[in-house]
Structures are given as C-alpha cells and as structure tokens.
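1. I would like the atomic coordinates for the input below:
(one chain, ligands or ions: 1)
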Amino acid sequence: MVFVPELMRFADGAPVRNAEDMRKRRTELLKILQEYAYGEMPAAVPVTGRITDKITKCCSGDAVRYNTEITCKTANGDFTFPLSLFIPNGEGKKPLIIVINFRPSPYDEYIPVEEITDNGFALAQIYYEDITADNEDFTSGIAKFFPQENDRAPAKISLWAWGISRALDYLLSLDLFREDAVGVIGHSRLGKTALWCGANDERIRFVCSNCSGCMGAAYARSYHEGGEPLASIAKVFPFWFCKAFQAHCADASGLPFDQHLLAACIAPRFVLVNSASGDLWADPVSEQNTCIGASPAWQAYGFTGYQGDPAPYGENEGCLDGGIAYYKRSGIHYLGRKDWNRFMKFMRERIDVSVQ
Ligand code: GTR
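-> Residues are numbered from 1 along each chain as shown. Here you go, the predicted structure:
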C-alpha cells in the first residue's frame, strides 16, 4: 500500500533522508495536523500543584494515594483541575502512566489501579471533562481561556491533550518519577487524545492508543466497511476538531493529512496501538495500516519501526517489537486488564534500554 500524504517528503517535495530531516518534518506535520485536524495546541503556562488529601493505606496498603489539584496560570486567568495520583511503596523513582478517562473516579472499570501499582508503576488519573466538557460548549473549563478566534483554534481533543501536558508539568516537578519512563494511555476518543498529546509532548516516551479508531490510529484512506466514516465523526463530534477540518472530511482521499503522520510525530519514542477484533467501528485493519505507514519515521532516526506483518492480524495476534507496535485482542470496544498489561509489558521491556 502507498501511504499518502507521503511521510518521507516535505511539503515542497524534497525527500526526508535522515534524523535531522525527520525532526524538521515532524515540525511541519504538527503544523498541518493543528491547522486541519485538532486545532492549535496552546503554549504551556506556569503550573502549580497542591495535595488536597493523602491516603496512605491504599491498594492493600501497598501504595499511597494523593488527591491533588493542578492550577494553570493562563494569561486570561487561573484554571484548576483535579488529578488522582497513586504511588507504589518502595524506594526509588517510579515509572509513571497517565490515564485520561471517561469518569471522575479512578476506581473505574477501565482502570485496574491495584494491578498497575502492583506492577511497580505510579498512576495519575485525569477525568477528561474536568479539563473541558465533551460538547460544543467552549466556555466550559479550560476552553474559555483560549478563545475560538479562527478556524484553527484549539478544539476539544487539543484541550484535553493540553491538560495532560500540564499535569505532567506538575508531576515531573515532584522529582518522584523516572523521566525516561512516562507513558500516556487513553481509550477511544481519549486514545485519539493520547496520540495527539504524545505527538506534541516529547517528554512522553510511551503512548498507548486503545481502540482509538477514526482520527486516532485508523488510517482514513484505507477505510473498511463497518468503520466510522470521517464525514460521520465530523458531523456528530464537530467540537473534537478545528473548524477547518469540516472542509476536508467529506472524502478521505482529499484529506491534507492521514493518521500515519500523527503516529510518526511520536517517533523515535514508542507507540502501542491496541485494537479489538469486535470493534469494527474503530477499523482495526486501518489501525494496523497506520503502524505500517508511520514506520519509516523510526527508520529515519536509525531505529526499528513496525516489526509486525503487513497482512491484517487475526484475533489475539500482533507484534510488540519495534518502535511502533500493534496488537488485536479478541472482544469488544473496551479498555481492559489485558490492554493495560500489554502496555505495561511494552514499557517494561524498553525502560532499561538506554537508547531509543
Ligand atoms: C464513538 C465515536 C468514536 C469513539 C467513541 C468513543 O461514538 O464515533 O470515534 O471515539 O465514540 O470515544 O467512545
């Protein structure tokens, strides 16, 4: 398959030959994705954090929970949102996973808290609507501090992703976590958010996209029957994307970008794309195609990219090697223990590798 727009050519047609070129191409790609898909990513602002509650005997007594509040000092005023933090007991800096999730409580069917901390990972949980509501209301939460001035103004996915990065500002300031072992995970619309956040924020070394589908990990030009069409997502969820997206969503072949370019912005850091065989709406085959199409970015940096099969995987198959990995589990649209364990394994196998 030919993946277009071409990853390995600059907008002016010049070839991308090496790591230095790829870094420049990434800057170009982020600009395209901001202009036509997710809207601008607001600049960082000063952040402060405050622990509001500490629960020392949490998860069988093997971890400590901190309820915290993060305040972002924007030019237009202060914005505060909560973050739940779990740190396993024991000496030393911990690897950290940030999850952005659908519900306020971290004790959620999508988050096996105890299993995560028992595996030695610290966990930070953000409820996405604490950043801004999942609707067309751009006065909600952080949105009102970044006015919708033009058709490239930050849309909801950008704002949620921005919130993750501000949480990370605070978390890294604590000096409790390994800076080489920061992961972000999200499911579905929040998988799209995790990818976009990782594309922009180079402090995130590991991204897990779970069943993220259309405008997430699914390569739109290889759309498969039963998958979510671009025109549908643009109509039902226009507020996830910048206004300029509406002009390009009728037909994937006219898109000025595609999702392999999004994944490529995370290179040479690590991406795990999780699909589910029963989740045709997220188009698992197109999610695998994105991994294949993004792979040359890792090679440009001198690392291995996608190491799996070119042909679509069957149920409970995939390949976890390389810079961008793909796995299709059996079952439905869900973020489950198996998905978490796969991501933790993926991180653990790379954390002590000093290169890449
Ligand atoms: C669906 C949407 C998908 C996916 C999902 C979710 O309705 O069409 O793109 O994001 O919602 O987030 O649960």
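2. mind listing what's buried in stretch 170-186?
-> Within stretch 170-186, the residues scored as buried using 16 or more other Cβ atoms under 10 Å are Y170, L171, L174, F177, A181, V182, G183, V184, I185, G186. Every residue, glycine included, has its C-beta placed from N, CA and C.
3. ok, the residues you listed vs the ligand, which is closest?
-> For these, the closest approach to the ligand (Cβ to the nearest ligand atom) belongs to G186, at 9.2 Å.
4. Could you name the helices and strands sitting against the helix or strand hosting the closest one?
-> In this assignment (DSSP states H and E), G186 forms part of strand 177-187. Strand 177-187 sits against strand 94-101, helix 156-173, helix 189-200, strand 206-210, helix 337-351, with contacts defined as 3 or more Cβ pairs under 8 Å, 6 or more residues apart in numbering; DSSP states H and E.
5. Columns pLDDT and distance to the ligand on top of the buried residues of stretch 170-186, output as CSV?
-> Output for these, formatted as CSV (pLDDT from 0 to 100; distance: Cβ to the nearest ligand atom, whole Å):
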residue, pLDDT, distance to the ligand
Y170, 98, 26
L171, 98, 25
L174, 98, 30
F177, 98, 28
A181, 98, 27
V182, 98, 23
G183, 98, 20
V184, 99, 16
I185, 99, 14
G186, 99, 9
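6. which regions of the stretch 251-356 of the chain sit below the pLDDT cut-off?
-> 353-356 (pLDDT under 70).
7. Looking at it, what residue ends up closest to the ligand?
-> Nearest to the ligand, among the residues of the stretch 251-356 of the chain, is W281, at 6.5 Å (Cβ to the nearest ligand atom).
8. Let me see the contact set for Y128.
-> Y128 makes contacts with I100, N101, F102, D134, W160, G163, L190, T193, as judged by Cβ atoms under 8 Å, 6 or more residues apart in numbering.
9. And for A153?
-> Applying Cβ under 8 Å, 6+ apart, the residues near A153 are G39, E40, F146, P147, C242, K243.
10. now, the most widely separated pair of those?
-> Using Cβ to Cβ, the two most remote members of the contacts of A153 are F146 and K243, lying 14.2 Å apart.
11. Comparing the two, which shows the higher neighbour count?
-> Under the criterion of other Cβ atoms under 10 Å, the comparison of F146 against K243 puts F146 first, with 22 against 15.
12. For that one, give me its contacts.
-> By Cβ under 8 Å, 6+ apart, F146 lies in contact with P42, T74, N76, A153, P154, L159.
13. and what of Y127?
-> P82, I100, N101, F102, R103, P104.
14. Ok, D279 next?
-> By Cβ under 8 Å, 6+ apart, the residues touching D279 are C211, G213, I332, H333.
15. The helix or strand harbouring N274 pairs with which strands?
-> Assessed by DSSP H and E, N274 sits inside strand 270-276. Counting by DSSP bridges, the strands paired with strand 270-276 are strand 206-210 (parallel), strand 324-329 (parallel).
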